[in-house]
Structure formats: C-alpha cells, structure tokens
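Chemist: sequence and computational prediction follow.
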2 protein chains.
Amino acid sequence: MKNPSYQSLLTLSDELQLVGDTQALLGWDQEVLMPRRGVEYRGRQMAWFSGWLHEKFASPEVGDWITEVEGALDSEEAGAEVRANLREWRHQYDQATRVPKRLVEEMAQEKVLAQTSWAEAREKSEFSLFAPSLTRMIALCREQAECFGYEDQLYDALLDKFERGATTRRLNETLGSLRELLVPIVEEATARDRFDGSKLSGQYPIEKQEAFNREVAESMGFDFDAGRIDTAVHPFCSGMAPYDVRLTTRYDEKDFRSSLFGVLHEAGHGLYEQGLNTDHHGQPVGNAVSLGVHESQSRLWENHVGRSRAFWDRWLPRAIHYFPNLTGVTVDEMFEAVNQASMSYIRVESDEVTYDLHILLRFELEKAIFAGDLKVEEIPGEWNRRFKEYFGMSVDEDANGCLQDIHWSMGIFGYFPTYSLGNINAAHLADAANGDESIAKGVAKGDFSGLLEWMRTRIHQRGSVLLPDDLIAEAAGSPANADALARHLRERYLR
Amino acid sequence: MKNPSYQSLLTLSDELQLVGDTQALLGWDQEVLMPRRGVEYRGRQMAWFSGWLHEKFASPEVGDWITEVEGALDSEEAGAEVRANLREWRHQYDQATRVPKRLVEEMAQEKVLAQTSWAEAREKSEFSLFAPSLTRMIALCREQAECFGYEDQLYDALLDKFERGATTRRLNETLGSLRELLVPIVEEATARDRFDGSKLSGQYPIEKQEAFNREVAESMGFDFDAGRIDTAVHPFCSGMAPYDVRLTTRYDEKDFRSSLFGVLHEAGHGLYEQGLNTDHHGQPVGNAVSLGVHESQSRLWENHVGRSRAFWDRWLPRAIHYFPNLTGVTVDEMFEAVNQASMSYIRVESDEVTYDLHILLRFELEKAIFAGDLKVEEIPGEWNRRFKEYFGMSVDEDANGCLQDIHWSMGIFGYFPTYSLGNINAAHLADAANGDESIAKGVAKGDFSGLLEWMRTRIHQRGSVLLPDDLIAEAAGSPANADALARHLRERYLR
C-alpha cells in the first residue's frame, strides 16, 4: 500500500520492533546471565524502554496516520496483511492511549508492593497478608478494563489483553465443555496404578542431558544457528527476532525428564518464533498472534509429540546411549513414565490430564471477582470449595491453594485461560494435521517433520494475519473445541 | 550546580548512558552468545542505537545548554566535577557536530568494504588487494581530522579520539625515550636461553581452568556479584555499569597460561570498571578516562602482578591443585615460563619485552602517513625496513607484516600508541604504589589488596575528573615517563 501514512506506520513499526527486541534481550539477559548487583540498574533500563516505546507510539500524529489509513482502506488496494496491520495498530493505539499515565504508574507501583506481600503471604501461608494489596490490584485492573472498554462483560477487556478477540461468553462454552469432558477422564486416569519411578532412578549428568536435549531439539527442527538453549530457574522462550530465539530449561541431576520436557515445551514456542515470516518482521502481522496459539505449539511438542509412544520408540535408544542406567527400560515403561496422572495441589507440577482443572478453577474465580460476585476475603473459601469439588481433595493450606501463583500479584487477570486454550488448540491442530495421511505415517514412525511443515505453513508463516480463533479455524478447517483434547487424553490415559 | 541548563545536561547524560549501556550489552552478546544468523539484524540494532545517541546529543538545544553553562561557570560555584563534565560535554559535542553526516556514512560504508578487502589481502598475503580501500580510508580519516581540528599536526586529532589530550609532540618524547631504553633490553633479553616448555606439557581441562581463573580473579578483588567471565574468540572486557562488568577469555586445553593471562588482563580492566564512582554513573566524570589509563590497569595485573615471582609463590600450589601434572614444577621454573622474551612477527603474540617495539613501528608509520610523507603503496616496504631495523629480522610476507592488524581497515588510526601508554603508565603507577611500604610488603608476599586499594582511590574513583596525563601525574606524584617500565623490564629480564 503506497499511502504515505501507511508507509510512515511501517517505518515506525519497524523501529519499535527493533527497540522492543533489544528490550527483550535485556529481559532475557536478566533472567539468564546478569550478575546479581545489576538488578536495580536493569530495572531502570527496562522502565526506560517501556516508557520510550509507549511515548513513541501513543502520539497524536500516529493516531492521525491510523485514522487516515482506515479511511483510505476501501479506496486503495489493501490486502489481508495491510488490513491486519491496521487492525493491530488501531488496537494497540487505543490500548496505549486510553489508560491515563497516572493509572499506569499506580499499577507499576502496586505491582512491586503486591509481589512483596504475596511472597510473604505465601511463605507464611496467610492470605490476610496479601488481601489488602490484592484488593487494590483488582480495583486498578477494573479501572484499566473500564478504560479499554468492552461490549459485554468487564472481564472481556482483561481477557482480550492476552488473547485477541477472546470473550467470557465464548470461553464459557469452550472451557465449560472441556470441563464436562474432562471430569470422567480425570477420575479414571488418576485411579490407575502409578508407574514405579525407581526404574528410572540414577544419576543424569547435566552435560549428558544438554547433549541429549540438543539432539532432540535439532531433530524437531529447532535451528541452533538462529537460537540457543540456556539454563534458568523458570523455563521460558524469548524470541528476539526469527533469527535469534532463545530457550531456557532447568536441570535435575536425578531425573532427565525435567530438562527434556522443558526443552520440548520451549522449543515448541521457539519453532513458532523461528518460523515467523521474516519478510514481515517489524510489522504487527509478522508477530505470533496470541498466547493461546503460542501455547498450542509448545503443548504440541511437549505432549502430543514428546509423550507419544512413537517418540520413545525413536528416542529411547538415544536416551540409553546418553544415560546407560536406563538400559533395560522398555518403550512401554518409558511411555508410562512420562504419562502419569494424579491429583495434586500445585498447577505447575500437575500432569497433562489434571492441568486444565487447575485453569478452570482460576477462570471461574476471576470471572466471579470481576463480576462483583466474589469479595477478596471470600477467595480462599471459594477456592477451597471448588478445589474439593473438582479434585475431591481438601486444600491443606493457602500456600497450596489460592496463594500458589504469582499472576494476580502482578495484576495479571485473564491470562490463565490461555493455557487451556493452548491445550485445546494443540489437540485440535494435531488432529487436523494427522488427517493428512503422510503426516500421520511420519508421526507414527517418530518422524515429525511433516507435522512441523504443516504448522509452518498454516500457523507460523501466517503470523497475525487473522485473529486467533479465525487462524485456528482456517488452519484446521473447523473452529477449535475441546473434543480433540478429550479424545487425545482418553486414547492416551484410558487404554 | 543548580543551573537549569546544567541540570538538563545531567538528565540527558544519564539517559544517554543508560541507552549506551544497553548498546554495550548488544555488542557483548554479539561477541559471546548470539546465534550466527542474528548478525545482520544485530548490525541494524547497533546502527540504530548509534544513530539515536548521536541525534539525541548533537542537537542545537544541547549546544545552547553547554554554551550557557560555560558562561555561568565563573559566576556560580562549580567544583572540579562540574568542570570536568562540562569539559567532556563540550568535547563530545564538538566531535559529534563537526563531522557531516555524509562523512559518517561514507566511513561506515568504507569500513565494511575495507574489512572485507583487508581479510582477503591478509589471507592471500597480497597488500595490493587492500591498497585501494586503505587509500580511501586514510583520505576519510584525514577529512575527519580536519573536521575535528588540531593545533599542531593533523595526526593529533586522531590521537585525541582515543587518548584525550595526547599529541604527536608529547608522544614523540615519551615513546622516543621508551625506544632508546628498550633496544638494549630487548637485545639482551631475547638472546637468553629459552625455557623448556615441555615441563608444562599436559592436558588442562577447561572446567579446571575456569575454576582456577575464578579463584585468582576473586582474590584480585573482582566482584562476581557485579560481573562474569565468559568465553570469546578475542578476550575483552565490557563494562555495562559498575554493577555489571563482563570479561571474556579463551581456552587452550594444552596450556592453562592462555586463559589465565587473558583473565588477569581483562580483570584488570574489569576492576577499573567496577571501581568507578557509582554516584557519578551517568555523568562523563563517572567514566573511565582513556584507553591509555585503562590499559595501565590491565597491564598492571597481567604483567606486574601475574608475571611476578610473588604471584607464583602464592598461586603455584593452587595451580598444582587444579592441574596435578604441574607437580614438581618449581616457582623459579614457573616464573621463567611466564617471562619469555623473543623476537616475533605478530604483535598480539608477542611478549612483555618486545611488545612496545611493535607499537613504536606502527606509531612511526601512522605519523608518516598523515604527515603526507608515506604513500600507501610504500607502506609494505617501509614496514619491512623498520621491522628489520627494530627486530633484526626480515618480514617473510605481508600477512606477517603490515597486513596483520585489523585496525586500519576499521579506520582506526591513532589507537596503537595507547597500548604503549598503558605499559608506561602501569609501570609508573606500580612504582609509585610500591613507594608505600605496606603495599610493597603485601605485594612481596603475593597479597595485592593494598595495590588495588591504591588504584581504587587514585585512579578508579577519580573517573574522568582530570585528563589522562594529569590523572597519572596526580596519582603517582609525577608525570609518567618510560623510566619505570625500562627499570621493571631490566629487573625482570636481565637478572
């Protein structure tokens, strides 16, 4: 599109991306390498970049450009990519300009206080220590949502921050049916005999784990000329451009599964980032579209690939090569060992089967909070009541209940559902891809290159051309629902 | 100083430092970690930061502020730090605004071309392949020097880029007397019997070298809570703030000295960066003052400390602990092993005694080039003639002669002399510090904490309050000259 305002937006967007990618390096470095005493100064650097990016974008001139191009869209030839760029610029611009500076600053301040009081409350397992901060944080998020605006419910504005186009109504359907499907599977899967973990016991030297993980990630298609794997307390993936994508994992010298599944998950994210269309880098359309789609890629490789029998058919011999103490372990046993379901308090330690129950509980609570139906002081009671209902277990203390996650102390509400969307999308996409016979044959033999190629074309290269729901529907041929996930879990856990 | 323009300059300076420190991280990451395919995009990022920093500083408003504060200096109370900040701002502003954008861009372009043709010329050892680029680069540097301005000689403007206040006239004196002192020392030292290297032969696992180097660096006073050591092809030190200083070294599994002396040298730089006055971080006065002073700190720890007998009295037992194959090697032998002088073609591989001859040769050539006394096509002949004169050896090919260094292809003229200034300053400062009896006693026992404390107070904490020559004179009680270096070399090599 030759429109000069559109060209100005492209130039600006490219500059913002370049600076934002630099801020991503600052953030990555802080988690992975930065010496301890650098933390305060790094905080100042991060804040400067956030401020600069905001100021540069949220200017009246940029608003004028966007408005002008919107008016010219019909008269000029504008393809899907131009329209998608404009859709995202408009959205980002409104988000950036609708929230007063005072509120941004108050939220940033409260975040620091709330994280401190949350950490103390969790340490002492005493919710009342966190309640005052949480009350203020919820009020601030409510105010922010009012600034953003919403059509139906206030919580929609928070959901939309993390998953463009997501609404409470739509999630009620999707996650509601997921719950109905999930409950009987969970019941049966968790009642089964547990695998005898002692069969895997032994020492797993970190260098050997690194070498094995690298071999696996390379075979998945992760390009080490455009990426790295490092060590961090919490595994994550940071894409600083499709040419530079960095994963982290953590090592347990007594169990190689921890680092391996960290790498499988994060390399799933990484393949998405490396697979973005480099011609679009610097434009909104060149970015990954949402958390729910990103998580579909990580879950695909972690669960559908990494926990499959075909994967272990192929990789167990290599695992034994690196870890000779596994000699004698059969593929069946390894398959069992990576597919264990059990009820537990803590979300981040939970398995593929029960994981979404943890999310559903949080989704219900967040909805109730922002609908005004649940007061802060009622949260622990309501959490525990629902936990008993979903998991059949009584929460022993709030540290194992409503105090376990950091999210709310950071003012992050509306984020949790994207984890379940990721699981639903992963199963739905895997199903669709396996509809291609040659892909299914490859997958059955432990060759996942066809699966990657399918994702490359239909998800990665598409970037943000479509909104998340539409992208999934286009890619899979039908909108995502929980059926494929339920089927996958039944096949794997109720054999 | 309460002057509002001065306050504006402080605020701007702080912001420029913060952004410049981020660019330093981009640069460090590029050398140490960045995946191969990230290089082009990283180049764009680096260029953006350079452009942004230049544009932000070289604005008419900033010029007005500086002029205004200069006018107010006498009427207002202005201490040494205020005056030093202003001196540096004025200097940087003039440098930034005197060079037309066209020239900056042409130099950047020629740099890319010249490095490529230099690499090819060096590979084939054929100077004529590099000559056209070098001719253009010299013309551009000459033009740049004319923009900067100079009082006496054009070459002064180039020297001043790297060593504030340095002039050809002054360097002729200092380096001239160094040469006179050096020639007989070199002759005698290189004629001596060589140490039998086979006594140190063995395998030196990298993890052991890392552990030993870390122990040494920690004992020097390098703070690992505010710094790191990583691996890179060329050892370097990058200070991204006094709280975050990163060294690199490289490993030879057959010789632990390579990585150790890399760390000793770079940790010398690192101690300087960590020792800067954090209250002044973000102001010109808070920065290290010059290359020649920086190099004094690295050479101090590398040569005066790390190659001393007292150092090995203390550290040989620890070296044997990490590298058992050294068992039986005596302190005398180790002292010999790290103090070997010999004539050689390549500067970066040369020893403490002959190193400065390499620099003196380059200094003479650069002077002649910019005085118009030496044409580009005459460089190889003149290099070889002088090499024969200084080293008594004939250069066999240009790759071992005038094509060995990358500097000229990057348009870096006037830089080489700072290496020798570093050596001269190191010896001069070490001499002065050892004048304090308690420091000398510590040094003799292998305890270098007093030496560090002396440098902390008199060099590191002083930042850029004074110009380099004045700082050294203040710290040592007399201006630097080559005497201390010559004395040091005689004592060590002509025993």
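Modeler: Yep, it's here. Numbering: from 1, shown residues only, chains lettered A, B, ... in the order given.
Chemist: which residues does the residue of the stretch 351-495 of chain A found nearest chain B contact?
Modeler: The stretch 351-495 of chain A approaches chain B most closely through A:H460 (16.2 Å), counting by Cβ to the nearest Cβ. C-beta: built from backbone N, CA, C; applies to glycine. Going by Cβ atoms under 8 Å, 6 or more residues apart in numbering or on different chains, A:H460 touches A:L271, A:Y272, A:Q274, A:G275, A:L276, A:N277.
Chemist: before we move on, what about A:F195?
Modeler: A:E333, A:E336, A:A337, A:Q340.
Chemist: in helices, which of these fall?
Modeler: Among the contacts of A:F195, DSSP state H puts A:E333, A:E336, A:A337 in helices.
Chemist: which of the helices or strands spans the residue in the stretch 51-200 of chain A positioned nearest to chain B?
Modeler: Residue nearest to chain B within the stretch 51-200 of chain A: A:W52 (8.7 Å; Cβ to the nearest Cβ). Using DSSP states H and E, A:W52 maps to helix A:39-57.
Chemist: so what touches that helix?
Modeler: Contacts for helix A:39-57 (Cβ under 8 Å, 6+ apart): A:12, A:15-16, A:19-20, A:22-23, A:26-27, A:29-30, A:34, A:92-93, A:96, A:104, A:108, B:15, B:18-19, B:21-22, B:241, B:243-244.
Chemist: list only buried entries from these.
Modeler: A:12, A:15-16, A:19-20, A:22-23, A:26-27, A:29, A:34, A:92-93, A:96, A:104, B:15, B:18-19, B:21-22, B:241, B:243-244 (16 or more other Cβ atoms under 10 Å in any protein chain shown).
Chemist: can you map out the strands along chain A?
Modeler: Shown for chain A, the strands assigned by DSSP state E span residues A:227-231, A:237-239, A:245-249.
Chemist: those: which one's closest to chain B?
Modeler: Of those, nearest to chain B by Cβ to the nearest Cβ is strand A:227-231, at 5.5 Å.
Chemist: what comes up buried for that closest one?
Modeler: A:G227, A:R228, A:I229.
Chemist: got it, and stretch A:456-473?
Modeler: Buried-residue list, stretch A:456-473, by 16+ other Cβ under 10 Å: A:456, A:458-469, A:471-472.
Chemist: likewise stretch A:171-186?
Modeler: A:L171, A:T174, A:L175, A:L178, A:R179, A:L181, A:L182, A:I185, A:V186.
Chemist: distance check, the last one against A:Q404.
Modeler: In this structure, A:V186 lies at 19 Å from A:Q404, with Cβ to Cβ, to the nearest Å as the measure.
Chemist: most centrally placed residue in chain A?
Modeler: A:E295 (4.3 Å; Cα atoms, centre = their mean).
Chemist: do the longest helix that chain A contains and chain B meet?
Modeler: Ranked by residue count under DSSP H, the longest helix found in chain A is helix A:4-32. Yes. Using Cβ under 8 Å from any Cβ of the partner chain, helix A:4-32 reaches chain B at A:E15, A:L18, A:V19, A:D21, A:T22, A:L25, A:L26, A:D29.
Chemist: from the chain's centroid, how far away is that helix?
Modeler: Distance of helix A:4-32 from its chain centroid, counting by Cα atoms, centre = their mean, to the nearest Å, is 21 Å.
Chemist: can you check stretch A:120-138 too?
Modeler: Offset of stretch A:120-138 from its chain centre (Cα atoms, centre = their mean): 25 Å.
Chemist: surely A:Q153 meets A:L171?
Modeler: No. The criterion here is Cβ atoms under 8 Å, and A:Q153 misses it with A:L171 at 10.6 Å.
Chemist: so what does the closest residue to chain B within the stretch 251-400 of chain A look like in phi/psi?
Modeler: Residue of the stretch 251-400 of chain A nearest chain B, by Cβ to the nearest Cβ: A:H281 (8.0 Å). When read as degrees, to the nearest 10, the backbone of A:H281 gives phi -60, psi 130.
Chemist: circling back: can you put the ones in helices among the contacts of A:F195 in JSON lines and add neighbour count?
Modeler: Formatted as JSON lines, those follow (neighbours: other Cβ atoms under 10 Å in any protein chain shown):
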{"residue": "A:E333", "neighbour count": "16"}
{"residue": "A:E336", "neighbour count": "17"}
{"residue": "A:A337", "neighbour count": "19"}
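Chemist: which residues touch the nearest residue to A:P284 once chain neighbours are set aside?
Modeler: Leaving aside its sequence neighbours, A:P284 sits nearest to A:E88 (Cβ to Cβ, 6 or more residues apart in numbering or on different chains; 3.5 Å). Residues in contact with A:E88 (Cβ under 8 Å, 6+ apart) are A:P284, A:V285, A:S464.
Chemist: ok, A:E88 to A:K161 distance?
Modeler: 14 Å.
Chemist: so chain A: which segments form each domain?
Modeler: Segmentation of chain A into domains, based on automatic domain parsing, reads A:1-98, A:134-495.
Chemist: what's the end-to-end length of the first one?
Modeler: Going back to what we said before, that points to domain A:1-98. 28 Å (Cα to Cα, to the nearest Å).
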